[in-house]
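> the following comprises the amino acid sequence and a computationally predicted model.
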Amino acid sequence: MTDNKAMMDALRQVMDPELGKNIVELGMVQDLKINKAGEAAFTLTLTVLGCPMREQMAEQSQKALLQVPGVKSVKIEFARMDDATRQKLFETVTPQLPALKEFNKVKRVVAVMSGKGGVGKSTVTALLAGEARRQCLKVGVLDADITGPSIPRLFGLPSGGLPQSEMGILPAYTESGIKIISTNVLLPDEDTPVIWRGPLITRAITQFWEETLWGELDLLLVDMPPGTSDAALTVMQKLPIDGIILVTTPQALAGMVVRKAVHLAKELKTPILGLVENMSYFRCPDNGKEYEIFGPSHAKQTADMAGVASWIRVPIDPQVNQLFDAGKAEEARLPEIQSKFRQLVFAE
Ligand SMILES: Nc1ncnc2c1ncn2[C@@H]1O[C@H](COP(=O)(O)OP(=O)(O)OP(=O)(O)O)[C@@H](O)[C@H]1O
Ligand SMILES: [Mg+2]
C-alpha cells in the first residue's frame, strides 16, 4: 500500500521556478490521495490560475509520483490558492530583514552635510568616494537627497530601475566599483520630478539603508539633503551615522549656517569629523596663483568654532566641473582631498 508520506516526499522534488521553493513547502499540494488501483490524484493550488509555470510543475509532479512504488497513474487538478494561504506564502518568500542585516556589514557611515544648499555637498561626497576607491576601500554612496538626487549623474549612471533581488534592492555600480543608491537610479528617467512628501521621503531613506544589499563596506558616504531641513533630520535619525563632514563656502553668511549645523549635530550627539571649505579659492592654471574669489577663508575660524580638528580648503577647479558634467566624477583627483582623506573620514 502506497502511503501519502512517500508521495509527499516525492513531490518535494518539484520546485516552483518563480518562488524557488518546493510545492509541498509552499502549501500548493492539496487533497493528495491514491486508490487501490494505484491511481493517484491531487489538486495543485496556484497563486494565479493562469500561472505560466503550471504545466511544467504538473508534468514534474506526475513524473515524481510515478517513481513512487505502487503509483500507476496521476491525475492533477488546478485550483486557485485562497487569499490567506497566498498571503502566507508571499510572506515566506519576501525578503527577510534579519538575513539582509547579516549580509550587510557596513563598517562606517559618514554624512556629508551643509548648512545650506549649493555649496558642493554632492561634489565633495563624490570626490571622497573616488578617493576611497583609489585607496582600495569598499565604498558606497547613499544619496539621501531624495527629491533632488544628483549623485548618479556625476558618475554617469543611467536612470531606469535598479534590479530588485528577492532579498532587497541592488545598488548600482560605478566604473570603479562604488555602490550607489539614489532615487534617480530607481526612477524611469532623470527628468521625472520627485514630489514626495514627508512620510514617503522617510520611507525611501529607511529603505535605502535597511533594504539595500550593501554587502561589505568599509565606508558608506551619505549625501545629505540640503540644510538642516526635516529631511536632513530624518536621515540623521534613521541612519547609524558615525560622524559628519560639514561642507561650507567662504561667503559671509557661511558662519551662521554652519552654527546651525553644529547645533543640530550636537543635539543628535553625532561628532563632526571635519570641515571642508569648498570653493575656497581659485588656482589660476596660467600662473599658479591663488585668488580668493568669494572672500578670505574662514576655514580655520569655523573649524575652531565647531570644535573640529580636521579641515581642508578645496579650490574651485574647472577640472571638477568638466569631469562631473561628463559623468566622470571618479576621475577627479584633488591633492587637498587626497592628503587629508583619512583624517577627515576616519579621524586618523
Ligand atoms: N570645488 C569646485 N570646483 C568647481 N566647481 C564646483 C566645486 N564644488 C562645486 N562645484 C559646482 O557647484 C555646483 C553645486 O555643487 P553641488 O551640486 O555639489 O552642491 P550641493 O551642495 O550638493 O547642492 P544641493 O544643495 O543642491 O544638493 C555644481 O555645478 C558643481 O559642479
Ligand atoms: Mg547635492
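Looks like it arrived, so ask away. Ligands and ions are numbered 1, 2, ... in the order given.

> where does pLDDT dip in the stretch 51-200 of the chain?
Within the stretch 51-200 of the chain, the set of residues satisfying pLDDT under 70 comprises 51-52, 90-99, 160-167, 187-196.

> which residues of it fall in strands?
Taking DSSP state E, counting those that start in this stretch as the criterion, the stretch 51-200 of the chain contains strands spanning 73-80, 105-106, 109-114, 139-143, 172-173, 179-181.

> need the ones you listed in TSV (columns: mean neighbour count and distance to residue 156).
(C-beta placed from N, C-alpha, C; glycine too.) Supplementary listing: the strands of the stretch 51-200 of the chain in TSV, determined by neighbours: other Cβ atoms under 10 Å; distance: least, Cβ to Cβ, whole Å:
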stretch	mean neighbour count	distance to residue 156
strand 73-80	14	47
strand 105-106	16	24
strand 109-114	25	20
strand 139-143	26	14
strand 172-173	18	11
strand 179-181	25	11
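
> so which residues of the stretch 201-348 of the chain form helices?
Taking DSSP state H, counting those that start in this stretch, the helices of the stretch 201-348 of the chain run over residues 230-238, 254-267, 299-306, 318-325, 335-346.

> and ligand 1, which of the strands of the stretch 51-200 of the chain is closest to it?
Ranking these by distance to ligand 1, with Cβ to the nearest ligand atom as the measure, places strand 109-114 first at 5.6 Å.

> right, quick check: that closest one against ligand 2, any contact?
No: against ligand 2, strand 109-114 shows no contacts by Cβ under 5 Å from the ion, the least distance being 8.8 Å.

> so what touches that strand?
Counting by Cβ atoms under 8 Å, 6 or more residues apart in numbering, strand 109-114 makes contact with 120-121, 124-125, 128, 144, 219-224, 226-227, 232, 235-236, 239-248, 257, 261, 265, 270, 273, 345, all of which sit outside it.

> redo that, cut-off 7 Å
121, 124-125, 219-224, 226, 232, 235, 239-248, 261, 273, 345 (Cβ atoms under 7 Å, 6 or more residues apart in numbering).

> same question, stretch 324-332
For stretch 324-332, the external contacting residues (Cβ under 7 Å, 6+ apart) are 123, 126-127, 130, 133, 153-156, 174-176, 178, 319-320, 323.

> mark which of the contacts of strand 109-114 are buried, thanks.
Neighbour counting over those (16 or more other Cβ atoms under 10 Å) leaves 121, 124-125, 219-224, 226, 232, 235, 239, 241-248, 261, 273, 345 as the buried ones.

> tell me which of the contacts of strand 109-114 fall in strands.
Secondary structure defined by DSSP state E assigns 219-223, 243-248, 273 of the contacts of strand 109-114 to strands.

> got the helices of the stretch 201-348 of the chain as JSON lines, with distance to residue 4 and mean pLDDT columns?
Putting those into JSON lines (distance: least, Cβ to Cβ, whole Å; pLDDT from 0 to 100) gives the following:
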{"stretch": "helix 230-238", "distance to residue 4": "50", "mean pLDDT": "85"}
{"stretch": "helix 254-267", "distance to residue 4": "64", "mean pLDDT": "80"}
{"stretch": "helix 299-306", "distance to residue 4": "72", "mean pLDDT": "86"}
{"stretch": "helix 318-325", "distance to residue 4": "66", "mean pLDDT": "91"}
{"stretch": "helix 335-346", "distance to residue 4": "61", "mean pLDDT": "94"}
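
> output the ones you listed in CSV; the columns should cover distance to ligand 1.
As requested, these are exported to CSV (distance: least, Cβ to the nearest ligand atom, whole Å):
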stretch, distance to ligand 1
helix 230-238, 11
helix 254-267, 12
helix 299-306, 14
helix 318-325, 4
helix 335-346, 9
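
> Throw the ones you listed into JSON lines and include distance to residue 13, thanks.
Formatted as JSON lines, the entries for the helices of the stretch 201-348 of the chain read as follows, by distance: least, Cβ to Cβ, whole Å:
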{"stretch": "helix 230-238", "distance to residue 13": "44"}
{"stretch": "helix 254-267", "distance to residue 13": "58"}
{"stretch": "helix 299-306", "distance to residue 13": "64"}
{"stretch": "helix 318-325", "distance to residue 13": "55"}
{"stretch": "helix 335-346", "distance to residue 13": "52"}
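
> of all those helices, which one is nearest residue 185?
Between residue 185 and the helices of the stretch 201-348 of the chain, the shortest separation by Cβ to Cβ is 17.0 Å, and it involves helix 318-325.

> does that closest one come close to ligand 2?
No: counting by Cβ under 5 Å from the ion, ligand 2 is not contacted by helix 318-325; separation bottoms out at 11.2 Å.

> how about that helix: buried residues?
Of the residues in helix 318-325, those scored as buried under the neighbour-count criterion (16+ other Cβ under 10 Å) are 320, 323-324.
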